[in-house]
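A.B. asks: I need the structure of the sequence given here:
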Amino acid sequence: MREYLNENTLFATVAMYVQETSALVLVVEGDDDHLVLKHHCSSDLRLIAGVGGREQVLRAATLASRRNLNGVRFLVDRDYDDYTFSDNEYEQNVCVSRGHDLFMDLLSGNPALLRRVIDVHSASVRRRPKESHLPVPDPTSIEQEALELASRLAAVRIVNVRRNLSLDFKRFSFGALNVRDFDTRVIAAMIMERSGYGPEQTAEVVQDSAQVFEEIQGRHDATVGDHDLFSALARVLRRYEVLVRDDVLHRSFIIGVDCAALIAADWFREIQRWCARNNRKGFTCREGTLAA
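C.D. replies: Numbering: from 1, shown residues only. All right, here's what the predicted structure looks like:
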């Protein structure tokens, strides 16, 4: 039934928890965010996975603010707010990722996490005989290649938001790309075709996407989404005959998330200060005394 909830029922659920528990409540966007944080929450911080995506969680936050519901914060992804040419204001009860999403903030906080995932899944391949025709996979270079590939898709996503196109990204897969097709224009054209757009508009979007990619190149933290990253990583690893699904890579990353990654996130410190002001512990990770 969770998929049928709206912001009103999400707000009602949150309000019930606030009234029935002495703990503070933190609402996150979805199950993956809940999964990565739940083992780092003290008994003073109750975690709730929102439903319906970012916009629904933000609407529930607005309801909570207007009805003066205290004891709750909402943690959401920034997404492409910095690239849409619009002023986005958040309610005071909302914490926002610094980069594109929570996972990219964690990756920034401890860059070794993703390389460790790559290292573990490609370990057997590195033990190939020296005469193998395939290159030896290096975690750092694979990470950079996956980030760049995911950035090419991010460019199309940004154009989609700016033009309000409603492109069907679910019909695109990195797995359908040949290595020579690791190109923004190819990716954009493929998505446009599968979304039912004609040649004229496709040409415009392809050109815009290529320009946006030049604009965002190197800004992986702010533009690449976690699901796109792990999908791109699975495709890059396949070049080295490392066959692993993107969801397995994603779960491996979640398992590896440590306090070093959490403590570096702006929203972590913001939530810890909020908990401290309410005489609650918050997250179990410690970074010394936090100023109120």
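A.B. asks: I'd like the average pLDDT over stretch 256-268.
C.D. replies: Across stretch 256-268, pLDDT averages out at 95.
A.B. asks: Sketch out the low-pLDDT regions of the stretch 51-200 of the chain for me.
C.D. replies: Counting by pLDDT under 70, the stretch 51-200 of the chain shows low-confidence ranges at 86-87, 126-135.
A.B. asks: Now do the helices in it.
C.D. replies: 53-66, 102-109, 112-121, 139-163, 184-194, 199-216 (DSSP state H, counting those that start in this stretch).
A.B. asks: Could I get those helices in JSON lines, plus columns for distance to Arg269?
C.D. replies: Quick note: C-beta positions are derived from backbone N, CA and C, even for glycine. Below are the helices of the stretch 51-200 of the chain laid out as JSON lines (distance: least, Cβ to Cβ, whole Å):
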{"stretch": "helix 53-66", "distance to Arg269": "19"}
{"stretch": "helix 102-109", "distance to Arg269": "11"}
{"stretch": "helix 112-121", "distance to Arg269": "19"}
{"stretch": "helix 139-163", "distance to Arg269": "25"}
{"stretch": "helix 184-194", "distance to Arg269": "35"}
{"stretch": "helix 199-216", "distance to Arg269": "26"}
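A.B. asks: for these, which one ends up most surrounded?
C.D. replies: Stretch with highest mean neighbour count among those: helix 102-109 (a mean of 24; mean count of other Cβ atoms under 10 Å).
A.B. asks: same for that helix, what does it pack against?
C.D. replies: Using 3 or more Cβ pairs under 8 Å, 6 or more residues apart in numbering; DSSP states H and E as the contact test, the elements touching helix 102-109 are helix 31-37, helix 112-121, helix 220-223, helix 226-238, helix 259-263, helix 266-277.
A.B. asks: tell me the angle that helix makes with helix 266-277.
C.D. replies: Using axes from the mean of the first three to the mean of the last three Cα atoms, to 10 degrees, the inter-axis angle of helix 102-109 relative to helix 266-277 is 100 degrees.
A.B. asks: what's helix 102-109 in contact with?
C.D. replies: With contact meaning Cβ atoms under 8 Å, 6 or more residues apart in numbering, helix 102-109 is reached by 28-29, 32-33, 36, 75, 77, 97-99, 113-114, 220-222, 224-226, 229, 253, 257, 260-267.
A.B. asks: my guess is Ile142 meets Val236, correct?
C.D. replies: Yes - contact criterion Cβ atoms under 8 Å: Ile142 and Val236 qualify, at 5.7 Å.
A.B. asks: ok so, going back, with respect to Asn279, which of the helices of the stretch 51-200 of the chain lies nearest?
C.D. replies: Each of the helices of the stretch 51-200 of the chain has some distance to Asn279 by Cβ to Cβ; the shortest is helix 53-66, at 20.6 Å.
A.B. asks: picking that back up, turn the helices and strands packed on helix 102-109 into CSV, columns for distance to Ala176.
C.D. replies: Written out in CSV, the entries for these read as follows (distance: least, Cβ to Cβ, whole Å):
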stretch, distance to Ala176
helix 31-37, 24
helix 112-121, 21
helix 220-223, 22
helix 226-238, 9
helix 259-263, 32
helix 266-277, 35
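A.B. asks: Now Val27, what are its backbone angles?
C.D. replies: As for Val27, its main-chain torsions (degrees, to the nearest 10) stand at phi -100, psi 130.
A.B. asks: That one bridge partners, please.
C.D. replies: Beta-bridge pairing for Val27 (DSSP bridges): Ile48, Phe74.
A.B. asks: if I pick it, what's in contact with it?
C.D. replies: Neighbour list for Val27: 10, 14, 48-50, 57, 60-61, 72-75 [criterion: Cβ under 8 Å, 6+ apart].
A.B. asks: Quick one, grab the pLDDT at it.
C.D. replies: On the pLDDT scale, Val27 gets 97.
A.B. asks: just Asn6 next, same as before
C.D. replies: What the model reports for Asn6 is a pLDDT of 79.
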